[in-house]
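Asker: Predicted model follows, preceded by the sequence.
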Amino acid sequence: MIEVISVRFKNRGKSYYFAPNGFQVEAGTKVIVETSKGLEIVDCCRGNHMVMDSSVVQPLRPVVRIATKDDLRIEEINKRREKEAFEICQQKIVEHGLDMRLVDVECNFEGNKTMFFFTSDGRVDFRELVKDLAGIFRNRIELRQIGVRDEAKMIGGIGICGRPYCCSQFLDEFQPVSTKMAKVQSLSLNPAKISGSCGRLMCCLRYEQEAYEELIKKVPKQGAFVETKDGYGTAVQVNLLRQTVKVKLDDDSDDVLRQYKANELATVPGGRPKDGETPPHVLNYVPEPEEQEEAEDQWVVSFAEPAAEQPAEPEKREEKSRSSSRRRSRQKKHQTKAQPVAVSETVQEVKPQPKPNKSRKPNRSKPGAKVVKVEAKLHTASPEGGPKSGRGESSPREGQSRRSSNRRRYYHGKPKSGGEKPGSQG
């Protein structure tokens, strides 16, 4: 960082950096600075401030002193000399019949040089004019031809926007401006509306050109054959700033136009296909960031809500228990209808035998294992119509001996002695 002050020569727009050289200069103060052409009195447009080293052109020239009363008096004398030199030069131009227009005259602070600025459509031979002016002012004479834009910068004025000319306020250099810029920005191509007081295209046309160039890349041209979400059509009107396009679809009538956003359509390369050919599919619709955020929020809500289980209310718990009890009762009824034999299970703890019987499979249960004892009872109908149960009251069927017991013991799921399995009887 380096400390500098900004100064301006005769309010010509562009400002220059100078080293303050230990002076504390405030804005609006006149100072004497050293230039390549000698000493000059300038206006300080910004006081002491820090800037980056890269923004300073070395060597940085210093401030000689803050303008004194004598310096201000010399400045007033030079201004009177400039007015006199302007009138004299105009008379000499008319005498020599030169095709040139005098714009401004400057006298340096030391008074040993006078500069004349003029405009002309072509080259001018002003050698005789220089001799006459040198004999009158007795100092060094310099004539410099400038353009019409520099003329407007020196003279100044008010533009059609109601503000002072940009060139006389802040523009450092003149950049090229073309009619294509006005066409891209959808401005009127009438020269009177897009030209400044200098007769050239307005410098402000270039301010937004880069932004328009970026916007043009995102929308199709007017009259292009495009593909939309609703079908194919022709782009009729394009709004660059709003990024919208009005399209006339092939399937719609002539007086119907539909408006689409830039990301809702795409230009078909090659234009409209010939009769009988199918246009290619080029649209790859991508929703805008706002639409994507809304879709993501909905997705999170729809999938995150079921994960968080809310505690069931007491009423709902009672309904669930009632429905489960009803379901169990229905299952029991269905089992009693399908199986006429009622099986009751009793659990007994049996100690393992040291020497198992060889006629049957050995007991491989661990010590302290539980053995299920199943009792099967046969229900028969009594003469009175009511069911009777029990071993002694049941009447055996034909072909069945009294010796066959209705109660059998099972160890580890297998019968103790041979016989029919429970449930095989009627």
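Answerer: Looks like it came in fine.

Asker: contacts and neighbour counts: CA atoms only from here.
Answerer: OK.

Asker: List the contacts of stretch 120-136.
Answerer: 89, 92-93, 96, 98-101, 140-143, 145 (CA atoms under 8 Å, 6 or more residues apart in numbering).

Asker: Of all the residues in it, which ones are buried?
Answerer: Applying a neighbour-count criterion of 16 or more other CA atoms under 10 Å, one finds Leu129, Val130, Leu133 buried in stretch 120-136.

Asker: element containing the first one, please.
Answerer: In this structure, Leu129 is located in helix 127-137 according to DSSP states H and E.

Asker: Mind giving me the packing neighbours of the next helix-or-strand element following that helix?
Answerer: Using DSSP H and E, the next helix or strand after helix 127-137 towards the C-terminus is strand 140-145. On a contact count with 3 or more CA pairs under 8 Å, 6 or more residues apart in numbering; DSSP states H and E, strand 140-145 meets strand 113-119, helix 127-137.

Asker: Mind checking the ones you listed for the one nearest to Arg326?
Answerer: Relative to Arg326, the nearest member of the helices and strands packed on strand 140-145 by CA to CA is strand 113-119, separated by 109.0 Å.

Asker: so the helix holding Leu129 versus strand 113-119, what angle?
Answerer: On the basis of axes from the mean of the first three to the mean of the last three CA atoms, to 10 degrees, helix 127-137 is oriented at 140 degrees to strand 113-119.

Asker: now Glu84: how far from Glu110?
Answerer: 17 Å (CA to CA, to the nearest Å).

Asker: What of Cys44?
Answerer: Distance, Cys44 to Glu110, using CA to CA: 20 Å.

Asker: more crowded one of those two?
Answerer: Between Cys44 and Glu110, counted using other CA atoms under 10 Å, Cys44 has the larger neighbour count: 23 against 14.

Asker: That one touches Lys10, doesn't it?
Answerer: No - counting by CA atoms under 8 Å, Cys44 sits too far from Lys10 to count as a contact (10.5 Å).

Asker: I'd guess Lys218 is in a helix, am I close?
Answerer: No - read with DSSP: H, G, I helix; E, B strand; the rest coil, Lys218 is coil and lies in no helix.

Asker: Just give me the neighbour total for the closest residue to it other than its chain neighbours.
Answerer: Ranked by CA to CA, 6 or more residues apart in numbering and with sequence neighbours excluded, the top spatial neighbour of Lys218 is Ala262, at 6.4 Å. Applying other CA under 10 Å, we find 20 residues neighbouring Ala262.

Asker: Who are the contact partners of Ala262?
Answerer: Lys218, Val219, Gln243, Thr244, Val245.

Asker: next one: Arg149
Answerer: By CA under 8 Å, 6+ apart, the neighbours of Arg149 are Cys198, Arg200.

Asker: Have a look at the chain and report its longest strand.
Answerer: strand 38-51 (DSSP state E).

Asker: would you list the buried residues of stretch 120-136 in CSV and tack on distance to Leu189 and pLDDT?
Answerer: As requested, these are arranged in CSV below (distance: CA to CA, whole Å; pLDDT from 0 to 100):
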residue, distance to Leu189, pLDDT
Leu129, 42, 91
Val130, 43, 90
Leu133, 45, 90
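
Asker: Would you mind reformatting those residues (as a markdown table) and adding columns for distance to Asn239 while you're at it?
Answerer: As requested, the buried residues of stretch 120-136 are arranged in a markdown table below (distance: CA to CA, whole Å):
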| residue | distance to Asn239 |
| --- | --- |
| Leu129 | 57 |
| Val130 | 57 |
| Leu133 | 59 |
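
Asker: closest to Thr114 among those?
Answerer: Among the buried residues of stretch 120-136, and counting by CA to CA, the member closest to Thr114 is Leu133, at 9.6 Å.

Asker: Specify the beta-bridge partners of Leu249.
Answerer: Note on Leu249: beta-bridge partners by DSSP bridges are Gly233.

Asker: thinking it is in contact with Tyr260, fair?
Answerer: No - look at Leu249 against Tyr260 with CA under 8 Å: they stay out of range, at 11.4 Å.

Asker: Which of the two has more residues huddled nearby?
Answerer: Between Leu249 and Tyr260, counted using other CA under 10 Å, the more crowded position is Leu249 (21 against 17).

Asker: measure the more buried one to Leu265 for me?
Answerer: Leu249 is 12 Å from Leu265, by CA to CA.

Asker: Equivalent analysis for Leu72, please.
Answerer: 68 Å.

Asker: The two: who's more crowded?
Answerer: Applying other CA under 10 Å to Leu72 and Leu265 shows that Leu265 carries more neighbours, namely 27 against 14.

Asker: which ones are touching the more buried one?
Answerer: Counted by CA under 8 Å, 6+ apart, Leu265 has contacts Val226, Glu227, Thr228, Lys229, Leu283, Tyr285.

Asker: taking those residues one by one, which sit in strands?
Answerer: Among the contacts of Leu265, the ones falling in strands (DSSP E) are Val226, Glu227, Thr228.

Asker: Can you say which of those residues are buried?
Answerer: Val226, Glu227, Thr228.

Asker: wait, which of these is closest to Cys198?
Answerer: Among these, and counting by CA to CA, the member closest to Cys198 is Val226, at 42.8 Å.

Asker: which secondary structure elements does the helix or strand in which Ala235 is found contact?
Answerer: Using DSSP H and E, Ala235 sits within strand 231-239. Strand 231-239 sits against strand 225-228, strand 244-249, with contacts defined as 3+ CA pairs under 8 Å, 6+ apart.

Asker: Any idea which of the ones you listed gets closest to Glu214?
Answerer: strand 244-249 (14.6 Å).

Asker: Check which residues of the following helix or strand past the closest one are buried.
Answerer: Downstream of strand 244-249, the next assigned helix or strand under DSSP H and E is strand 258-261. Neighbour-count burial for strand 258-261, counted by 16+ other CA under 10 Å, picks out Tyr260.

Asker: Would you mind writing the CA trace of strand 258-261 as CSV?
Answerer: Output in CSV follows, covering the C-alpha atoms of strand 258-261 (Å, rounded to 0.1, in the frame of the first residue of the first chain):
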residue,chain,number,x,y,z
ARG,A,258,-47.5,-19.0,-25.2
GLN,A,259,-44.9,-17.6,-22.9
TYR,A,260,-42.0,-19.8,-21.6
LYS,A,261,-39.0,-19.2,-19.5
